[in-house]
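1. sharing a model that was predicted from the sequence below.
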Amino acid sequence: METHVIGKRLAVLLQPGDVIALIGNLGSGKTVFAQGICAGLDVTDYVTSPSFTLLQIYRGRHLVYHYDFYRIKSPSEVEDLDVVENLSGSAISLIEWPEIGQMFLPSDSFKVHIDRIEEDRKIVENKRRIKISAFRNRGLSEIKL
Ligand SMILES: Nc1ncnc2c1ncn2[C@@H]1O[C@H](COP(=O)(O)OP(=O)(O)OP(=O)(O)O)[C@@H](O)[C@H]1O
Ligand SMILES: [Mg+2]
């Protein structure tokens, strides 16, 4: 699936300490994208949605912290997950529903926007628009993969 393939391609560019915000509506494909990144980082464990556990930790070529803030109601609960400390460490962090923890994300985080596509005002089930951006050379630039 394209979402998985692009996640896997992004993994090639990632370095320890990178933070990836996965932004998109319910069921847009954030977890699939995270699975693609993990596959690209040689994680062999099965990567599942961390919406109940809030955090799943994997080890591939690098340590991977996979968060999902969907069920979190306040920024202080985000802090309780030691997010500030963890995001400044050497793990690669993937964050679904990052909005509530926005203020704790480094300004140079990668942003992945995943949207469903509408044609004739109907959602096309098997298509997604995926836009990746990051601050590079002092400016926000789009990454084409
Ligand atoms: N490019 C794609 N084409 C077709 N289906 C896709 C594509 N990307 C993702 N999907 C499908 O979308 C569904 C939802 O994916 P996923 O669970 O990754 O979404 P999510 O954004 O993590 O959802 P949630 O908001 O619940 O965390 C899955 O059935 C997945 O297979
Ligand atoms: Mg998900």
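-> Thanks, I have the structure now. Ligands and ions are numbered 1, 2, ... in the order given.

2. say whether ligand 1 is contacted by stretch 8-18.
-> No - counting by Cβ under 6 Å from any ligand atom, ligand 1 is not contacted by stretch 8-18; separation bottoms out at 12.9 Å. Where C-beta positions appear, they are placed from N, C-alpha and C, glycine not excepted.

3. how about residues contacting that stretch?
-> 20, 36-41, 62-63, 88-93, 109-110, 112, 132, 143, 145 (Cβ atoms under 8 Å, 6 or more residues apart in numbering).

4. what about 7 Å?
-> Gly36, Ile37, Ala39, Gly40, Leu41, His62, Gly89, Ser90, Ile92, Phe110, Ile132, Leu145 (Cβ atoms under 7 Å, 6 or more residues apart in numbering).

5. now it: buried residues?
-> Lys8, Arg9, Leu10, Ala11, Leu14, Asp18 (16 or more other Cβ atoms under 10 Å).

6. could you tell me the end-to-end distance of it?
-> 15 Å (Cα to Cα, to the nearest Å).

7. can you give me phi and psi for the closest residue to ligand 2 within the chain?
-> Nearest to ligand 2 in the chain, going by Cβ to the ion, is Thr31, at a distance of 3.4 Å. Backbone torsions for Thr31, taken as degrees, to the nearest 10, come to phi -70, psi -40.

8. contact residues of the chain facing ligand 1?
-> 1-3, 24, 26-32, 49, 51, 96, 126, 128.
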